[in-house]
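K.L.:
sharing a model that was predicted from the sequence below.
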Amino acid sequence: MILGASTFVEGVDNAFMLILGISFFFLIGISLTIILFIYRYNQKKNPKATQVKDSVALELTWTIIPLILVLGMFYYGYVGWIPMKTPPSEGIEVTANARMWSFNFRYENGRVSDKLYVPVDTAVIVNLNALDVLHSFYIPAFRIKEDMVPGLANNRTWFEATKTGTYTIFCSEYCGLQHSYMLSEVVVMEQDEFWEWYEDPDAMVVQIPDDANLALLGRQLVERNGCIACHSLDGSSLVGPSFAGRYGETIRVTTGGQEREIVYDEEYVKRSIYEPDADISLGFRPGQMISYEGEITEAEIDLIIEFLKSLNE
Ligand SMILES: [Cu+2]
């Protein structure tokens, strides 16, 4: 069994082990019976076949025993599933945003993070928000998996972590080219440690020390926000144009159906991030990139621009 770390583990694992146990019992039982029958009823030992007809006892046996077995499976499955569908009223609330091909998490106080930080032994209600296509929010260690459906109201899940540590979050709904790279982590912290992280005032604004390497900070932003799933750094085209070698160039875009030339400058980068469909770079499709309005600040865009400039050096 993989490591379990939430209150759902017992319920899910019980149902799983029961079904696995029954399956093994029948796998072994049926295989042995086949072998025994091959021996016992071969033509030499049993030249004349017997037909069994109208045996009420037999009919009842193979109706009642499987009925009990499947009702048992249903019972354990149901008992494990009900708590998942009934989130408690007390707990913290987080919104998980999924887009091709990254997650981010927004807390009630406005804090945004690319990993899901949560306190141990506390109910966490996760509002699931898919910005573009179907995704699915899957944390194997917590035994939760819930589809993230664009536009679906009340799309949520919840969990209560029981062990501190770091566990993987997967997208488990095929959502395009880089789906297999759509991962994040849930970090379960001691409660006081979590609240310290949550209320950290420095985390709310971008702090830039005087001697900071701006391009490096920009690169981290581009990695953390999942931009490089679509934009390469080496000049090759992926879903979107490469970040390399374009800053400062005059490029061709389609604006409102009209093709035109435009300078790839700060203005253009900012518009591309906040309104990706305003100008469509020639050779690429609209609707792939979803606006980062409200997720990436103007100050952060300045850092990204420093990074783009550095790619020309
Ligand atoms: Cu996905």
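P.N.:
Good, I have the coordinates. Residues are numbered from 1 along each chain as shown.
K.L.:
so where is the stretch 1-150 of the chain shaky, pLDDT-wise?
P.N.:
Flagging of the stretch 1-150 of the chain using pLDDT under 70 yields the residue ranges 1-2.
K.L.:
check contacts around the nearest residue to Glu249 once chain neighbours are set aside.
P.N.:
In space, and not counting its chain neighbours, Glu249 is closest to Tyr264: 5.2 Å by CB to CB, 6 or more residues apart in numbering. To be clear about C-beta, it is placed using only N, CA and C from the backbone, and glycine gets the same treatment. Counting by CB atoms under 8 Å, 6 or more residues apart in numbering, Tyr264 touches Arg246, Tyr247, Gly248, Glu249, Thr250, Ile251.
K.L.:
assumed the last one was part of a strand.
P.N.:
In this case it means Ile251. Yes - under DSSP: H, G, I helix; E, B strand; the rest coil, Ile251 sits within a strand.
K.L.:
got phi/psi on the residue lying closest to it once chain neighbours are set aside?
P.N.:
Leaving aside its sequence neighbours, Ile251 sits nearest to Tyr264 (CB to CB, 6+ apart; 5.2 Å). Phi and psi for Tyr264, reported as degrees, to the nearest 10, are phi -80, psi 80.
K.L.:
any residues of this protein in contact with the ion? List them.
P.N.:
The interface of the chain toward the ion, taken as CB under 5 Å from the ion, is made up of His135, Cys171, Cys175, Met182.
K.L.:
low-confidence stretches in the stretch 201-313 of the chain?
P.N.:
Flagging of the stretch 201-313 of the chain using pLDDT under 70 yields the residue ranges 201-207.
K.L.:
what sits against the residue of the stretch 1-150 of the chain found nearest the ion?
P.N.:
Closest residue of the stretch 1-150 of the chain to the ion, CB to the ion: His135 (3.4 Å). Residues in contact with His135, defined by CB under 8 Å, 6+ apart, are Ala98, Asp147, Met148, Cys171, Glu173, Cys175, Met182.
K.L.:
what's the farthest-apart pair in the residues you listed?
P.N.:
By the measure CB to CB, Asp147 and Met182 form the most distant pair in those, at 13.9 Å.
K.L.:
out of the two, which sits in the busier spot?
P.N.:
Met182 (24 against 16; other CB atoms under 10 Å).
K.L.:
for the more buried one, give me its contacts.
P.N.:
Neighbouring residues of Met182 by CB under 8 Å, 6+ apart: Ala98, Met100, Trp101, Ser102, Phe103, His135, Phe170, Cys171, Cys175, Ala229.
K.L.:
would you map out the domains in this protein?
P.N.:
What automatic domain parsing lists as the domains of the chain is 9-85, 92-204, 214-310.
K.L.:
kindly reformat these as CSV containing distance to Leu3.
P.N.:
Compiled in CSV, those are given as follows (distance: least, CB to CB, whole Å):
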stretch, distance to Leu3
domain 9-85, 9
domain 92-204, 6
domain 214-310, 26
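K.L.:
next, the residue of the stretch 1-150 of the chain closest to the ion: phi, psi?
P.N.:
phi -130, psi 180.
K.L.:
which residues in the stretch 51-200 of the chain form strands?
P.N.:
Shown for the stretch 51-200 of the chain, the strands assigned by DSSP state E, counting those that start in this stretch span residues 92-99, 102-107, 112-113, 116-119, 123-130, 135-139, 144-148, 156-160, 165-171, 183-189.
K.L.:
packing partners for the fourth one?
P.N.:
So the one you mean is strand 116-119. Secondary-structure packing of strand 116-119 (3 or more CB pairs under 8 Å, 6 or more residues apart in numbering; DSSP states H and E): strand 92-99, strand 102-107, strand 183-189, helix 191-199.
K.L.:
Ile305 is in contact with Ala215, correct?
P.N.:
No - in this structure Ala215 lies outside contact range of Ile305 using CB atoms under 8 Å: 9.4 Å.
K.L.:
want to throw the helices and strands packed on strand 116-119 into TSV with mean neighbour count?
P.N.:
Converted to TSV, these look like this (neighbours: other CB atoms under 10 Å):
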stretch	mean neighbour count
strand 92-99	20
strand 102-107	20
strand 183-189	19
helix 191-199	14
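K.L.:
now for these, which one comes closest to Ser236?
P.N.:
Using CB to CB as the measure, strand 102-107 is the one of those that comes nearest Ser236, at 19.8 Å.
K.L.:
that closest one pairs with which strands, and in what direction?
P.N.:
As defined by DSSP bridges, the strand partners of strand 102-107 come to strand 92-99 (antiparallel), strand 112-113 (antiparallel).
K.L.:
how far off centre is the shortest one?
P.N.:
The reference is to strand 112-113. 16 Å (CA atoms, centre = their mean, to the nearest Å).
K.L.:
contacting residues around that strand?
P.N.:
Under CB under 8 Å, 6+ apart, the answer for strand 112-113 is Asn104, Phe105, Arg106, Tyr107, Glu295.
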